[in-house]
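Chemist: heads up, no residue letters with this:
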């Protein structure tokens, strides 16, 4: 018999037990997963914004660059840390992943960077709206530990801050 989960495994089991069986939750989490894969959804949103709002094109392009750089940073960190994804038998893995590496969550990283920078482009409170669902989706899907997601949020925020500093310097602000 498998040992009962504890620590972050127990946290994942608790999240999945509370949410995964609710109508639409797994489908929504999978949709977010596909949207955020390799930050492609955020790159598409940024490109569309740049096309449709030429007066704010630089801000939209910065958001796309930030999402891409955040994803790249997460991939580099994953390859250095080499933490494997959750694999306790009590954790349901509800989506396929491109690698077995878990730390940090590239979805949380790119979503955080994109939402902060898209918030600058639109004036909307996007981090509060976009980050929690993406972060929670990674737990519901069973593909990340809570610390992977929290670290991804922190790395994404740092990347967004760096992109903001570079773009503000370029604007002469």
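Modeler: Structure's in. What do you need? All values reported here derive from a predicted model rather than from experimental measurement. Numbers count the residues shown, from 1 in each chain.

Chemist: report the residue spans of the chain with pLDDT below the cut-off.
Modeler: For the chain, the stretches with pLDDT under 70 are 1-2, 171-173.

Chemist: what helix or strand is the residue positioned nearest the centre of the chain on?
Modeler: Computing the C-alpha centroid of the chain and ranking residues by C-alpha atoms, centre = their mean puts residue 108 first, at 1.9 Å. Using DSSP states H and E, the element containing residue 108 is helix 106-122.

Chemist: which residues are contacting the helix or strand that that helix is followed by?
Modeler: Once the chain leaves helix 106-122, the next helix or strand it forms, by DSSP H and E, is helix 126-140. With contact meaning C-beta atoms under 8 Å, 6 or more residues apart in numbering, helix 126-140 is reached by 11-12, 15-16, 19-20, 25-26, 28-29, 32-33, 36, 94, 105, 107-108, 111-112, 114-116, 118-119, 144, 146, 148-150, 152-153. Just so you know, the C-beta spots here come from the backbone N, C-alpha and C atoms, and that holds for glycine as well.

Chemist: likewise for stretch 80-96?
Modeler: For stretch 80-96, contacts defined as C-beta under 8 Å, 6+ apart pick out 2, 4-5, 8-9, 12-13, 16, 20, 26, 29-30, 33, 97, 100-103, 140-145, 148.

Chemist: before we move on, what about stretch 11-30?
Modeler: 5, 86, 88, 90-92, 94-95, 133, 136-137, 139-142, 145-146.

Chemist: buried ones among these?
Modeler: 5, 86, 88, 90-91, 94-95, 136-137, 139-142, 145-146 (16 or more other C-beta atoms under 10 Å).

Chemist: now do the helices in this structure.
Modeler: 8-19, 25-36, 40-52, 57-81, 106-122, 126-140, 146-171 (DSSP state H).

Chemist: burial-wise, tell me which of those helices comes out on top.
Modeler: Mean neighbour count, computed with mean count of other C-beta atoms under 10 Å, is highest for helix 106-122 among these, reaching a mean of 27.

Chemist: how far off centre is that helix?
Modeler: Offset of helix 106-122 from its chain centre (C-alpha atoms, centre = their mean, to the nearest Å): 9 Å.
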